[in-house]
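Chemist: Here is a sequence with its predicted model. Questions after.
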Protein chains: 2
Amino acid sequence: MNDDAPDDDPRRNAILTAAAELFIENGFANTSIDAIIERVGGSKRTIYALFGNKTGLFEAIMRAHATRLFDESGGFDAKDLPLPERLERFATKLLRLIAQPRTIGIYRLVASEAGRFPELGRLFRDLGPRQGRVWLAQVIAQAAQAGEIKAADPDAAARQFLGLLRSDLLFDLMLGLRATPDDDEIADIAHAATTVFLHGVSVD
Amino acid sequence: MNDDAPDDDPRRNAILTAAAELFIENGFANTSIDAIIERVGGSKRTIYALFGNKTGLFEAIMRAHATRLFDESGGFDAKDLPLPERLERFATKLLRLIAQPRTIGIYRLVASEAGRFPELGRLFRDLGPRQGRVWLAQVIAQAAQAGEIKAADPDAAARQFLGLLRSDLLFDLMLGLRATPDDDEIADIAHAATTVFLHGVSVD
DNA sequence: GCGATATGGTAACATATATTACCAAGTCAA
DNA sequence: TTGACTTGGTAATATATGTTACCATATCGC
């Protein structure tokens, strides 16, 4: 009933945090309310009072994490830097965010539950990756207009750069095939992707 | 007990097909043995006789689909063609395979169940994408040695090309954000990726 | 034709778990 | 202090479902 400041409710936050860890680790179906209570303490009654039911809790968690990704992915801009450094800095920041185990777990959850929660996919596209994509497309469009690069379709070029960035990293992480890269490796991938991309769209 | 030709057992194949559809559509936890039997007919007893238990059935399905992906992703070679056409043909074939709803569903399953089935990820990496990656790396290495392109690390370049190819397509599909692309769009993506990649690794 | 085996059909069993109920203890305003 | 409200703790309820059992029937080798 208290809609004023749900973010300041410590009980609610503790439940969200513990439940998020379990959902991310074990998935929706394999996380029981009992397990959540066992980790956070207290009574099941509180969960049902705050979130209604299990799917309500899940949706609240997803919403919280979507806005978190949105906040952390913001602030890419560094207008004073030349294009290569600007792109590489963006690439590094984005990779660092994406490669986090928590982010990987969220993506796994969204992928596996998107069928049962149709709004989930849209929520994450609009709040998460879309921001980066839009920002990137703008930067590319400006650079193209300034004659720095050649990009007939800035949006498609932005998608290509993002794909180039992720290369196989995201898939290997999602499939549990490799460990989280350290900062050095992230820097290498970001540098290599920026180099190939800029060379690929250069004006001969 | 009959290990000779399990592929020729029509009962077994019918169960595998029906169960695969349900697993892909609803996930592992949300697919019940009863639902499988309701679709394929017959008795649960048969499932337990053939596969032991639910996880045995799941693993058999995953193994079957992994080998299927392996078979269908093979045969990329077209040695007589020049490099751009060769890469573009590879890209088209791979995208067509990857974008299939069935393949997308399999990836979703692997991503969400990799935690509980540690061999799953490895199985798909070794049988599926790795083949394409290895083939691609070889082609790139040969082209680099012939001076056609510049690629200090053919394996990394292959990963980049794959990432460029998928761009955001695979993610949007996995998150249920868009429909399966038709052949025209696949051809466009394959062409654009090949163009940017070859330009990006060109010898100035 | 006959017996072993596989399969269909149904029910039983055990367990997990989402959800609700109930009561005691604590909290906080007036 | 008092009383409304929230929370903790435990148990009860309902249901879903993996797994096994049982029996009748069909299939297939001999």
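Modeler: Arrived safely, thanks for sending.

Chemist: And the helix ranked longest in chain A, what does it pack against?
Modeler: Ranked by number of residues, the top helix in chain A under DSSP state H is helix A:54-73. Applying 3 or more CB pairs under 8 Å, 6 or more residues apart in numbering or on different chains; DSSP states H and E, one finds that helix A:54-73 contacts helix A:10-26, helix A:44-51, helix A:83-99, helix A:101-113, helix A:118-127, helix A:129-145. Any C-beta I mention is one placed from the backbone N, CA and C, and that applies to glycine too.

Chemist: how much does the last one deviate in direction from helix A:83-99?
Modeler: Read it as helix A:129-145. On the basis of axes from the mean of the first three to the mean of the last three CA atoms, to 10 degrees, helix A:129-145 is oriented at 170 degrees to helix A:83-99.

Chemist: now the angle between helix A:101-113 and helix A:129-145, please.
Modeler: 110 degrees.

Chemist: and what of the fifth one?
Modeler: Relative orientation of helix A:118-127 and helix A:101-113, computed by the same axes, to 10 degrees: 140 degrees.

Chemist: List the buried residues for helix A:118-127?
Modeler: Buried residues in helix A:118-127, counted by 16 or more other CB atoms under 10 Å in any protein chain shown: A:120-121, A:123-125, A:127.

Chemist: care to break chain A down by domain?
Modeler: Taking automatic domain parsing as the reference, chain A has its domains at A:6-52, A:64-200.

Chemist: near DNA strand D at all, the shortest one?
Modeler: Yes: contact between domain A:6-52 and DNA strand D, assessed by CB under 7 Å from any atom of the strand, occurs at A:11, A:41-46, A:49-50.

Chemist: For ChimeraX, write the selection for the buried entries among these.
Modeler: Here is the ChimeraX command that selects only those of the residues of domain A:6-52 next to DNA strand D that count as buried (16+ other CB under 10 Å):
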select /A:46,50
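
Chemist: can you redo the residues of domain A:6-52 next to DNA strand D as CSV with distance to DNA strand C?
Modeler: Output for the residues of domain A:6-52 next to DNA strand D, formatted as CSV (distance: CB to the nearest atom of the strand, whole Å):
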residue, distance to DNA strand C
A:Arg11, 11
A:Gly41, 14
A:Gly42, 11
A:Ser43, 7
A:Lys44, 5
A:Arg45, 5
A:Thr46, 10
A:Ala49, 9
A:Leu50, 12
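
Chemist: where's the dip in pLDDT among the residues of domain A:6-52 next to DNA strand D?
Modeler: The member of the residues of domain A:6-52 next to DNA strand D with the lowest pLDDT is A:Arg11, at 87.

Chemist: Pretty sure A:Ile47 is one of the things that one touches, is it not?
Modeler: No: between A:Arg11 and A:Ile47 there is no contact under CB atoms under 8 Å: 10.0 Å.

Chemist: Helix A:54-73 and the helix or strand of chain A with the lowest mean pLDDT, what's the angle between them?
Modeler: Counting by mean pLDDT, DSSP states H and E, chain A has its least confident helix or strand at helix A:118-127, which shows a mean of 83. Calculated by the same axes, to 10 degrees, helix A:118-127 forms an angle of 10 degrees with helix A:54-73.

Chemist: just the domains of chain A: most buried one?
Modeler: Ranked by mean neighbour count under mean count of other CB atoms under 10 Å in any protein chain shown, those are led by domain A:64-200, which reaches a mean of 18.

Chemist: what residues are up against the nearest residue to A:His191 once chain neighbours are set aside?
Modeler: Distance criterion CB to CB, 6 or more residues apart in numbering or on different chains; nearest residue to A:His191, sequence neighbours excluded, is A:Glu88 at 6.0 Å. Applying CB atoms under 8 Å, 6 or more residues apart in numbering or on different chains to A:Glu88 gives the contacts A:190-191, A:194.

Chemist: any idea how far DNA strand D is from the closest residue to chain B within chain A?
Modeler: For chain A and chain B, the shortest gap (CB to the nearest CB) falls at A:Gly200, measuring 2.9 Å. To DNA strand D, A:Gly200 is 49 Å away according to CB to the nearest atom of the strand, to the nearest Å.

Chemist: before we move on, the earlier item: let me know whether the longest helix of chain A sits next to DNA strand C.
Modeler: Yes: remark: helix A:54-73 sits within contact range of DNA strand C at A:54-55, by CB under 7 Å from any atom of the strand.

Chemist: can you list contacts of that helix?
Modeler: With CB under 8 Å, 6+ apart as the contact definition, helix A:54-73 has outside contacts at A:15-16, A:19-20, A:23, A:28, A:33, A:36, A:47, A:50-51, A:93-94, A:97, A:102-103, A:106, A:109-110, A:113, A:117, A:120, A:123-124, A:127-129, A:131-132.
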